[in-house]
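**Q** here's my sequence, what's the structure:
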Amino acid sequence: MFEKMVRTQTAKQERTLEEWLRRHDSENPFPADVSLTKNIDYLGDGKACHRMDLYRPANCAQPLPVLINIHGGGFLLGKKEVNRLFCAQMCGFGFLVCCLEYPLVPDVDIFQVFQDLTVGINHVASVAAQYGGDPERLYLCGDSAGAYLCTYLAAMQNNLSMAQAAHVAQIKPQIKALGLISGMFYTCKHDKIGFFLPDSVYGRGWRKHAFFPYTNPENPVLAGCLPPCFLVTAKGDFLRHYSRSFAKVLQKNGIETRLLDVDAGKKLPHAFPPCSRKRRRHRMPIGTWLHSFCRIPDLCIFCIEKDVV
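**A** Residues are numbered from 1 along each chain as shown. Predicted structure coming up:
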């Protein structure tokens, strides 16, 4: 009964998302200085949920650092095309950008998502050189649920027991740093997310699962083994407190951390970076990070000029 309700509500939201995406694409022409290769099958099974788009900047020296983007949507909806403009803009900083699609809850649980994205990230690393990328300089960036996925995938890379609890192979290429936008880090709090999400995400009986200790991102085993992190939130982000809390946890665990918390009223909403370029009432620097990270020892933060509602 509950799963049926979730599917019904998700279907309504998917229609709204499709309408927004059509309007967004018509208002924002694709940059002429970025080449886009669509729907590369990273798992080899022909499924739409296992495709990726690859963005490559023109007139940029090779090899390029590789940025993998994972979209949000609360695990229940979303698609890689929503971040099309964001990925194209990242190319302006000299990244080879790959945006991965993944299967959604409740069709699968989070462990299947982990497994598929692990294959996807390994595939990106294996083909990066063909597109002028450097797999030794690999970064992850995600918004909302995508930020959660980036966090957990990076943690499992550095913690074998956590990966084994999720029945996931560890990612092969080393992840250098994370960009975490409006992260949905907490999935089991006593709030409106934790009320309905855990059963769908982790499966029934999740409290008895070997992965249960890691559902709390404040677990030092998780929070203490991450690469440098750059977190972004804003006053209008309904999960602002998640980013603020998690940034403190990371700092407490000795992780190199930077939090960009934009106090700009409600005009910067949840996961605001992918918003339209043409809606120019506010021009804010939103986090993204690290092109020069690999050239200097400090956590190098740079900002993209994003145009946000």
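
**Q** how confident was the prediction at the residue nearest to the spatial centre of the chain?
**A** Central residue of the chain (C-alpha atoms, centre = their mean): residue 142, 1.7 Å from the mean position. The model reports residue 142 with a pLDDT of 94.

**Q** so what does the helix or strand encompassing it touch, helix or strand wise?
**A** Using DSSP states H and E, residue 142 maps to strand 133-143. If you count contacts as 3 or more C-beta pairs under 8 Å, 6 or more residues apart in numbering; DSSP states H and E, strand 133-143 packs onto strand 64-70, helix 110-127, helix 145-158, strand 175-181, strand 282-289. In this view, the C-beta of every residue, glycine as well, is placed from N, C-alpha and C.

**Q** and that strand, what's buried?
**A** 133, 134, 135, 137, 138, 139, 140, 141, 142, 143 (16 or more other C-beta atoms under 10 Å).

**Q** do the same with stretch 214-223
**A** Buried, per 16+ other C-beta under 10 Å, within stretch 214-223: 214, 215, 217, 222, 223.

**Q** look at that stretch and report the distance between its end residues.
**A** End-to-end distance for stretch 214-223, by C-alpha to C-alpha, to the nearest Å: 10 Å.

**Q** now for the buried residues of stretch 214-223: which two are most distant?
**A** The span of the buried residues of stretch 214-223, defined through C-beta to C-beta, is set by 215 and 223 at 12.8 Å.

**Q** rewinding a little: as CSV, the helices and strands packed on strand 133-143 with distance to residue 202 would be great.
**A** Below are the helices and strands packed on strand 133-143 laid out as CSV (distance: least, C-beta to C-beta, whole Å):
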stretch, distance to residue 202
strand 64-70, 18
helix 110-127, 6
helix 145-158, 12
strand 175-181, 21
strand 282-289, 28
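
**Q** would CSV of the ones you listed with mean pLDDT and distance to residue 40 be doable?
**A** What follows is these, written out as CSV (pLDDT from 0 to 100; distance: least, C-beta to C-beta, whole Å):
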stretch, mean pLDDT, distance to residue 40
strand 64-70, 95, 13
helix 110-127, 97, 8
helix 145-158, 97, 18
strand 175-181, 94, 20
strand 282-289, 37, 23
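
**Q** show me where the stretch 201-309 of the chain dips below the pLDDT cut-off.
**A** Where the stretch 201-309 of the chain drops to pLDDT under 70, the residues are 264-267, 272-309.

**Q** now do the strands in it.
**A** Along the stretch 201-309 of the chain, the stretches classed as strands by DSSP state E, counting those that start in this stretch are 229-234, 257-262, 282-289, 301-308.

**Q** what's the angle from the second one to strand 175-181?
**A** Looking back up the chat, that one is strand 257-262. Strand 257-262 runs at 20 degrees relative to strand 175-181, counting by axes from the mean of the first three to the mean of the last three C-alpha atoms, to 10 degrees.

**Q** what packs against strand 257-262?
**A** strand 229-234, helix 240-252, strand 282-289, strand 301-308.

**Q** quick one: it to chain centroid distance?
**A** Computed by C-alpha atoms, centre = their mean, to the nearest Å, the chain-centroid distance of strand 257-262 equals 16 Å.

**Q** now it against helix 240-252, angle please.
**A** Angle, strand 257-262 to helix 240-252, by the same axes, to 10 degrees: 160 degrees.

**Q** strand 257-262 vs strand 229-234, what angle?
**A** With the same axes, to 10 degrees applied, the angle from strand 257-262 to strand 229-234 works out at 10 degrees.

**Q** offset the numbering so it begins at 48, please.
**A** Will do, 48 is the new start, and the previous item becomes strand 304-309.

**Q** dump strand 304-309 to PDB, restricted to CA.
**A** Taking C-alpha atoms only, strand 304-309 is exported to PDB below (Å, rounded to 0.1, in the frame of the first residue of the first chain):
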ATOM      1  CA  THR A 304      36.200  20.600   4.500                       C
ATOM      2  CA  ARG A 305      34.800  23.900   3.100                       C
ATOM      3  CA  LEU A 306      31.200  24.900   3.500                       C
ATOM      4  CA  LEU A 307      29.700  27.600   1.300                       C
ATOM      5  CA  ASP A 308      26.400  28.700   3.000                       C
ATOM      6  CA  VAL A 309      24.800  31.400   1.000                       C
END
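
**Q** so for that strand, what gets flagged as buried?
**A** By 16+ other C-beta under 10 Å, the buried positions in strand 304-309 come out as 304, 305, 306, 307, 309.

**Q** wait, what's in contact with residue 147?
**A** Applying C-beta atoms under 8 Å, 6 or more residues apart in numbering to residue 147 gives the contacts 89, 99, 115, 116, 117, 127, 164, 167, 168, 171.

**Q** including neighbour count and distance to residue 282, could the residues you listed go into CSV?
**A** Listed next are the contacts of residue 147 as CSV, based on neighbours: other C-beta atoms under 10 Å; distance: C-beta to C-beta, whole Å:
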residue, neighbour count, distance to residue 282
89, 22, 37
99, 24, 33
115, 26, 29
116, 29, 24
117, 28, 25
127, 20, 28
164, 26, 31
167, 24, 34
168, 27, 33
171, 24, 34
